[in-house]
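Engineer: Predicted model and sequence follow; I will ask about them next.
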Amino acid sequence: MLPGCLRQSKKNTSVNSLSSEGGSGATPAPSVTKMTSEIRPATSVTPRQASANKGGRREHIIGWLFVIPALLMYASFVLLPLLMSVQYSFFRWNGIGAMTWVGLDNYATVLDDPDLLGTVFNAFRLVVFFSFIPVSLGLVVASIMHRMATGRLGEIARTVLFLPQVIPLVAAGIIWGWLLALPGLINEILRAIGFGEVTRAWLGDFDWALPAVGFIGIWVLLGFCTVLLWTGMTKLDPALFESARIDGASWFTEFTRITVPLLRNEIGVCLTVTVIAALAAFDIVYVSTAGGPGNSTAVPGIQIYILAFTEQRIGPASALAVILMLLVLIVILPIQRLNREAT
Amino acid sequence: MRIDRGELVAGRALLLGLMAITILPFISIFMTALHPSGTVPRGLEWPADPQWGNFIEAFNVANMTALLGSSAFIVLAVVPAALIISTMAGFAIGHLRIPGSRLLLGLFVFGLTLPFGGIIVPLYYLERAIGIYNTRLAIVLPLIGLYMPFAVFWMRAHFVNMPAEISEAARVDGATIWDLFWRIQLPLARAPITSLGILMSVWTWNQFLLALVLVEDPAERTMAGALGAFQGHYATNVPLLCAGTILILLPTLIVFILFQRQIIAALLQGSVKG
């Protein structure tokens, strides 16, 4: 019954559309034929739309029912808290007592307090380690895999380099917390190769703690970037490389002239993922330094946690949270746009 | 194809060096874990008398049986539910193209960049207010919500590429929308659903911040969350801490080695689509 119905309605609508065209086309004949020939593809679409509209309302409602569970979870546990963050940021509140409206005071607090604003700068310093180094080093390593380790070696290298990506970040933090400690492996290696005088508790050193945390980030993210970029390279036309070689190009020329420009899209993806990882860093920092020594490795995520859950200053914590979310958007959008232009 | 010999040697040396740097930390903590509990061993030294008992001690101290159960519960509560509702939403947005689907997609995509830290404070007060704070639901429900941007985006990307003809043929044969989804589209979406499931399982297992803030009792947390607490207690007992860390990352390592291809492929596709 239904199929017949559908076919019927299709026929009807197409007849209708034709006749209406005929009706309106009381104008000079040539233009009418031109019109109909132009419209032909359109008429072949309209019946489908019309039939969709017929049972449409009911179908749309059913379609929306399919979306509602996901939307509901997303709205209740992401969008609602997001709005609450914005709301809290305008109040003074200790989490228990009454909330007092303070306007933009919390934002002023964050921007005035060098310790709080410093977390934002620390986050950007982490971007160098979490993002720029893994992406550039990843490009080099991926290119080496692509050109010089096509067989078993490359396969093993990809598995090995990817390992740190799947373990919990907390575990990475604990492992490196031990390796970078005074009696740990790093200092032992340094002593063995004759740099005994530079050994120190890397994560407890005011100058070195942030680079040390950054190094953990490199360890975690390098494999991800490498494998992603390598996948991109395998999709490039091998003829490009052949002809470059015939022209006498070295690996380096080939790398800078062919590989990097053609991988703009993948590089953009790597940058997006790693920049977010840097700006939103929490797990590694919390476990390895907890923001210390002093505030030398405090990043917004850590500071929000401390402000809200140890100092009970919900207002500034929320203002910093809002700033963090805006910051991520501001940094990511240009990368995304650049990406889109490239494709 | 000719590659300069010097380049070849330098390139492969760099690869091997980086592999060593990646692996060495694992070897170091493994050897450390075998030293007598409470000592401070050197970074890379096979112990004279390997203390395999450290793993048993860490297993008991970390209350690993309860922990494995708790993590498994959380994963089993989060992943199937998130898979079902995100697949349905992806189907409606990508395939049925209901009115407003562009807007809906934009709304979900917006959530992709959101740092968890941005909403953790209100989440805490929200959960206190509705009475799920300090239960496993405190981790389960927000995680389902937080995965929606990625999961819906991922499933939509699959459904948007499914040819409309399949559905139209089914509709002509009298299938309802539910039949269409359940009997035709769902079996065809097995691959992206599997990848998404693996990804969300690993993310859930490794989730730290939510567990730290929203659940006080480590035995009710995820693996990663419990590891944080374990570190707090045994920061000074390095061998035991290393043994505990190994136990906690062992499941993810095993899963990775078993499903290596799928995990890598899923993670890469996921980020490319994102």
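Structural biologist: That came through, no problem.
Engineer: and the closest residue to chain B within the stretch 101-250 of chain A, what does it touch?
Structural biologist: Proximity of the stretch 101-250 of chain A to chain B (Cβ to the nearest Cβ) peaks at residue A:185, 3.0 Å away. For glycine as for every other residue, the C-beta is placed from the backbone atoms N, C-alpha and C. Contacts here follow Cβ atoms under 8 Å, 6 or more residues apart in numbering or on different chains; on that basis residue A:185 touches A:179, B:24-25, B:28, B:43-44.
Engineer: Nearest to residue B:90, out of those: which one, please.
Structural biologist: When the contacts of residue A:185 are ranked by distance to residue B:90 (Cβ to Cβ), residue B:25 comes first, at 38.4 Å.
Engineer: Report the distance from whichever strand or helix holds the closest one to the chain centre.
Structural biologist: Using DSSP states H and E, residue B:25 maps to helix B:5-33. Between the mean C-alpha location of helix B:5-33 and the chain-wide mean there is a distance of 26 Å, by Cα atoms, centre = their mean, to the nearest Å.
Engineer: For chain B, which segments are assigned as helices?
Structural biologist: Taking DSSP state H to define them, one finds helices in chain B at B:5-33, B:53-61, B:64-91, B:101-110, B:120-130, B:137-160, B:164-172, B:177-179, B:186-188, B:190-205, B:209-214, B:223-234, B:238-258, B:260-273.
Engineer: Output those in CSV, with mean neighbour count, mean pLDDT and distance to chain A appended to each entry.
Structural biologist: Output for the helices of chain B, formatted as CSV (neighbours: other Cβ atoms under 10 Å in any protein chain shown; pLDDT from 0 to 100; distance: least, Cβ to the nearest Cβ, whole Å):
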stretch, mean neighbour count, mean pLDDT, distance to chain A
helix B:5-33, 17, 90, 4
helix B:53-61, 17, 87, 12
helix B:64-91, 21, 93, 4
helix B:101-110, 16, 90, 6
helix B:120-130, 20, 93, 3
helix B:137-160, 24, 92, 3
helix B:164-172, 14, 82, 5
helix B:177-179, 15, 86, 5
helix B:186-188, 12, 89, 12
helix B:190-205, 19, 88, 6
helix B:209-214, 24, 90, 5
helix B:223-234, 23, 79, 4
helix B:238-258, 21, 87, 4
helix B:260-273, 18, 73, 5
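Engineer: I'd like to know which of those is closest to residue A:62.
Structural biologist: When the helices of chain B are compared by Cβ to Cβ, helix B:177-179 sits nearest residue A:62, at 4.9 Å.
Engineer: ok, residue B:237 - contacts?
Structural biologist: By Cβ under 8 Å, 6+ apart, the contact set of residue B:237 is B:37-38.
Engineer: Get me the contact residues on the stretch 1-150 of chain A for chain B.
Structural biologist: Counting by Cβ under 8 Å from any Cβ of the partner chain, the residues of the stretch 1-150 of chain A close to chain B are A:1-3, A:6, A:48, A:59-60, A:62-64, A:66-67, A:69-71, A:73-82, A:84-85, A:88, A:95, A:140-141, A:144-145, A:147-149.
Engineer: Now list the buried members of these.
Structural biologist: A:6, A:59-60, A:62-64, A:66-67, A:69-71, A:73-82, A:84-85, A:88, A:95, A:140-141, A:144-145, A:147-149 (16 or more other Cβ atoms under 10 Å in any protein chain shown).
Engineer: what comes into contact with stretch A:334-343?
Structural biologist: Defining contact as Cβ under 8 Å, 6+ apart, one finds that stretch A:334-343 is touched by A:264-265, A:268-269, A:271-272, A:275.
Engineer: How about stretch A:319-331?
Structural biologist: Outside stretch A:319-331, the residues within contact range by Cβ under 8 Å, 6+ apart are A:82, A:85-86, A:89, A:106-107, A:109-110, A:116, A:119-120, A:123, A:275-276, A:279-280, A:300-301, A:303-304, A:307, B:113-115, B:117-121.
Engineer: With distance to residue A:212 as extra columns, can I get the contacts of residue A:185 in CSV?
Structural biologist: Below are the contacts of residue A:185 laid out as CSV (distance: Cβ to Cβ, whole Å):
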residue, distance to residue A:212
A:179, 10
B:24, 16
B:25, 13
B:28, 16
B:43, 15
B:44, 19
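Engineer: Are there helices or strands packed against the helix holding residue B:25, and which ones?
Structural biologist: Applying 3 or more Cβ pairs under 8 Å, 6 or more residues apart in numbering or on different chains; DSSP states H and E, one finds that helix B:5-33 contacts helix A:133-148, helix A:152-166, helix A:169-179, helix A:185-192, helix A:209-234, helix B:53-61, helix B:238-258.
Engineer: touching chain B at all, the following helix or strand past the fifth one?
Structural biologist: In this case it means helix A:209-234. Next helix or strand after helix A:209-234 toward the C-terminus (DSSP H and E): helix A:238-246. Yes - Helix A:238-246 lies within reach of chain B by Cβ under 8 Å from any Cβ, at A:241-242, A:245.
Engineer: Of all the residues in helix A:238-246, which ones are buried?
Structural biologist: Buried residues in helix A:238-246 (16+ other Cβ under 10 Å): A:241, A:244-245.
Engineer: and the angle for that helix with helix A:209-234?
Structural biologist: 100 degrees (axes from the mean of the first three to the mean of the last three Cα atoms, to 10 degrees).
Engineer: could you give the angle of helix A:238-246 to helix A:133-148?
Structural biologist: Going by the same axes, to 10 degrees, helix A:238-246 makes 80 degrees with helix A:133-148.
Engineer: Output the lowest mean pLDDT helix or strand found in chain A.
Structural biologist: helix A:2-24 (a mean of 36; mean pLDDT, DSSP states H and E).
Engineer: Show me chain B divided up by domain.
Structural biologist: What the record gives for chain B is the domain set B:5-57, B:66-273, from automatic domain parsing.
Engineer: Great, nothing more from me.
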